[in-house]
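A.B. asks: sequence first, then the predicted structure:
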Amino acid sequence: MLEDDELSDPRIRRLALYNILAPEPLQKQGRKALAATLAHHRSHPFNTSNTVGPPISETIQIGTTVSGRSYDLSESLLSKHLLAIGQSGSGKTTLFYNLLSQLDVPFWCFDLKKDYRHLVKDRNDVLVLPWTELKYNPLVPPPGVQPRRWAQVVSEIFGHATALLSGSKNHLLKSILKLYRLYNLFEEKSPPYPSFHELEQFLTSDYINYMRKTSNYRDTVLNRIEAMNLGAGTIFDCSEGYTFEDLLERNVVFEFDGLSRDTQNFLMDILLAAVYEYRLTQIHRTEDLNHVFVLDEAKQIFSVYKERQSESGIPAVDELTAKMREFGEGLIVADQEASKLTDSIKANTYTKILLSTGDRKQFTAVADSMNLTQRQANAAKDLGTGEAVIQTGNDEPERVILDEYRLEKTVTDTDLQRNQGQFWNSLSAKPRKQPPRFEETVQSESRDSEEPEVIDDPPSKVTVSEEAEQLLEGVVEEPFIPLTERYETFSSRYKGNKAKSELVETGLVTERSLETRTGARKLLELTDRGRTYVEDQLDLDSSHEGRGGIVHRYWQHQVKKAFEKAGWATKLELFDADVYVNTGRFEVAIEIAMENTQREQEHVEKHLETRFDVIWVVCRTEKVRDGLKQRFKETGIDPDQVVFHLVQDVSDALEKWP
């Protein structure tokens, strides 16, 4: 008895028909030919043709077929998406290294295991962004997208990432729209944008009637926002993050290892949605490939369990999967467990790659999505490491030995800092800014929008361990010591890190990163809650010299120290200068410029009016310096009275002077 898949082979079909119709004396010869053909088919159930189609421009070489032919994939097909399934160690990451090394369009890679930072060894055009270096404001609409539409997208994406039901998602949408009105986003062309921290403050001040059901919605949303702000470090601590269109032109590896799963999912989903909405608004429809997203743990955002939660609605990312291909946005995704992926991602991937799975359930899930015949499925069960069955569209699947890609995973955090520090310094974000009388307006808005006023219960008292309090005291007494040095005061690095995590999780401190000539360092900064704690519980004075955040104050003190070493009189905040220096002959006003802002220009203009002999502007990065130079030039500030330096110049000076 012949199987259906055997009869689909035209040679077998012709021989079977011949044996039925041929005279008896000739059937013996026909049966031998049929048996030989069947034996070959059963030994080689996949396409073994050596015929190569017409040459295709911009192809990516994947490997070699069992017949010895090079297996190439047209790059343009990636706009229709690619899915790879295989167990750990089957060759997925090597396959992705190979794909990314040959791409001619920019890619964004969402890396949850620090696997793709190692690409910097082979490609000097890859920007690796650990989440500690990322600045992103989800409330900023992509260029051209209307705020009202973006508010709907954010509430939908956030809702699915954090398991909010429709009532809570609607409450979140209304809150975002109210916040946009407070910031005049519907009237002004380029206002400051609220961040997630302002959204948290708005929700906290949301005076509502606790007898009404809406109180539950507000509490649920506030709980999710608070948790995400707490765990996301400084990611959302900006009015505007890095320039969206600039990042779209670059190969970026977003490292999300260390963030909570909800935060990882939200960031990946919202970035996908932001690119889609941007392409849609800019009418970037094309059949060519513009850009590629890469994800090696696909089930986190393409989870079948979210797809099955009917009360939450269809996840927005499911709908994006099919729509993105119209705009040249490709997806390259992989996972170990095909059974946990949404039907949408399995149905909307044009190229499917099956590697060794080692699990019957997962194998069956991907074999079914590829429509493998029983014989092909049986043959695919013995795939080894670096072997795959690949199917493109409705073409016959082929068994391929994947090309090797040798890349040692040896890039450490220190190596990454050394390799990528210059790129991180070239990025800039706008600091958070609240409109005038923000808090009073928020409370007024909330009181007017609901009937009775009920004030929230005071927050529960925070308590931390002795080790955490020890670390907290150090932050107050010596705020500029790097985190790694603080760990040395504990009996083990583990205990020090545990104390730090406790302070971060309870909201008493936040981590801040800064770049010095000798590498990156992390500082701990007290939050408002932390200042209250050290004053009430530890009886310490939380006031400090200098102004602004911990990074700004760090450089204020470094500059002051440099001039003191030169033997000159210095003072912080004298005559409204970040650092005042008197050399005996000249008075110097020094401004520490973290960003290229109007505020820096106003400070310099004020110092010129005060008739300082010299004004120094010490800039965080070359980009900030060049931007301020241009700003000053356009406003007519005398360049001879302003001296520009980088903060790294200060670091060098401190190292050279005894």
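C.D. replies: Right, received. Where do you want to start?
A.B. asks: where does pLDDT dip in the chain?
C.D. replies: Within the chain, the set of residues satisfying pLDDT under 70 comprises 1-57, 188-189, 206-215, 306-316, 437-461, 517-519, 565-567, 585, 639-640, 650-658.
A.B. asks: for the stretch 251-400 of the chain, what spans make up the strands?
C.D. replies: In the stretch 251-400 of the chain, the segments counted as strands under DSSP state E, counting those that start in this stretch are 251-255, 286-295, 327-335, 351-354, 387-392, 398-402.
A.B. asks: could you say which of those strands is packed most deeply?
C.D. replies: Mean neighbours per residue, mean count of other C-beta atoms under 10 Å, is largest over these for strand 351-354, with a mean of 26. Placement of C-beta: from N, CA and C, glycine included.
A.B. asks: can I get it in PDB, CA atoms only?
C.D. replies: This file holds the C-alpha atoms of strand 351-354, laid out as PDB (Å, rounded to 0.1, in the frame of the first residue of the first chain):
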ATOM      1  CA  THR A 351      10.000  30.500   6.500                       C
ATOM      2  CA  LYS A 352      10.100  27.800   9.100                       C
ATOM      3  CA  ILE A 353      13.200  26.100  10.400                       C
ATOM      4  CA  LEU A 354      13.000  22.900  12.500                       C
END
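A.B. asks: what sits against Gly474?
C.D. replies: The contact partners of Gly474, by C-beta atoms under 8 Å, 6 or more residues apart in numbering, come to Ile481, Arg486, Thr489.
A.B. asks: neighbours of Gln264, how many?
C.D. replies: Neighbourhood size, Gln264 [other C-beta atoms under 10 Å]: 21.
A.B. asks: wait, Gln630
C.D. replies: Neighbours of Gln630 (other C-beta under 10 Å): 11.
A.B. asks: for the one 3 residues further on, same thing?
C.D. replies: By other C-beta under 10 Å, 10 other residues sit near Lys633.
A.B. asks: out of the strands of the stretch 251-400 of the chain, nearest to Phe236?
C.D. replies: strand 251-255 (14.6 Å; C-beta to C-beta).
A.B. asks: sheet partners, orientation included, of that closest one?
C.D. replies: strand 107-111 (parallel), strand 126-130 (parallel) (DSSP bridges).
A.B. asks: chain center to stretch 363-375: distance?
C.D. replies: Relative to its chain's centre, stretch 363-375 lies at 33 Å (C-alpha atoms, centre = their mean, to the nearest Å).
A.B. asks: wait, stretch 530-538
C.D. replies: 34 Å.
A.B. asks: what lies in contact with it?
C.D. replies: Under C-beta under 8 Å, 6+ apart, the answer for stretch 530-538 is 462, 464, 469, 472-473, 475-476, 503, 507-509, 526, 540-542.
A.B. asks: one more pass at 6 Å, please.
C.D. replies: Defining contact as C-beta atoms under 6 Å, 6 or more residues apart in numbering, one finds that stretch 530-538 is touched by Val476, Leu508, Val509, Leu540, Ser542.
A.B. asks: could you find the closest non-adjacent residue to the second one?
C.D. replies: What that stands for is Leu508. Gly530 (3.7 Å; C-beta to C-beta, 6 or more residues apart in numbering).
A.B. asks: kindly report the same for the fourth one.
C.D. replies: The spatial neighbour of Leu540 that comes closest, neighbours along the chain excluded (C-beta to C-beta, 6+ apart), is Val534 at 4.5 Å.
A.B. asks: phi, psi for the one you found please.
C.D. replies: Dihedral angles of Val534 (phi, psi; degrees, to the nearest 10) stand at phi -70, psi -30.
A.B. asks: middle-most residue in this protein, spatially?
C.D. replies: Centroid check for the chain by C-alpha atoms, centre = their mean gives Phe254 as the closest residue, at 4.4 Å.
A.B. asks: how near is that one to Gln87?
C.D. replies: To Gln87, Phe254 is 25 Å away according to C-beta to C-beta, to the nearest Å.
A.B. asks: now Ala274
C.D. replies: 33 Å.
A.B. asks: the two: which is more packed in?
C.D. replies: Remark: of Ala274 and Gln87, Ala274 carries more neighbours, 23 against 17, as counted by other C-beta under 10 Å.
A.B. asks: who's the closest spatial neighbour of the more buried one, skipping the chain neighbours?
C.D. replies: Pro142 is the one closest to Ala274 (C-beta to C-beta, 6+ apart), at 4.8 Å.
A.B. asks: hang on, the one you found is in a strand, isn't it?
C.D. replies: No: remark: Pro142 does not belong to a strand; assigned using DSSP: H, G, I helix; E, B strand; the rest coil, it is coil.
A.B. asks: that one: what's it in contact with?
C.D. replies: By C-beta under 6 Å, 6+ apart, the neighbours of Pro142 are Phe244, Ala274, Glu277, Tyr278.
A.B. asks: which one of the residues you listed is nearest Cys238?
C.D. replies: Using C-beta to C-beta, Phe244 is the member of those that lies nearest Cys238, at 12.9 Å.
A.B. asks: what's the spacing between the closest one and Lys352?
C.D. replies: As judged by C-beta to C-beta, Phe244 and Lys352 stand 32 Å apart.
A.B. asks: His197: which element?
C.D. replies: helix 196-204 (DSSP states H and E).
A.B. asks: so which residues make contact with that helix?
C.D. replies: With C-beta under 6 Å, 6+ apart, helix 196-204 has contacts from Leu179, Leu222, Ile225, Glu226, Asn229, Phe236, Val442.
A.B. asks: please apply the same query to stretch 105-123.
C.D. replies: 93, 126, 128, 249-257, 268, 289, 291-295, 297, 407, 409, 411, 416, 419.
A.B. asks: equivalent analysis for stretch 621-637, please.
C.D. replies: Contacts with stretch 621-637, where a contact means C-beta under 6 Å, 6+ apart, come from Asn425, Ser426, Ser428, Ala593, Asn596, Gln601, Cys619, Phe644.
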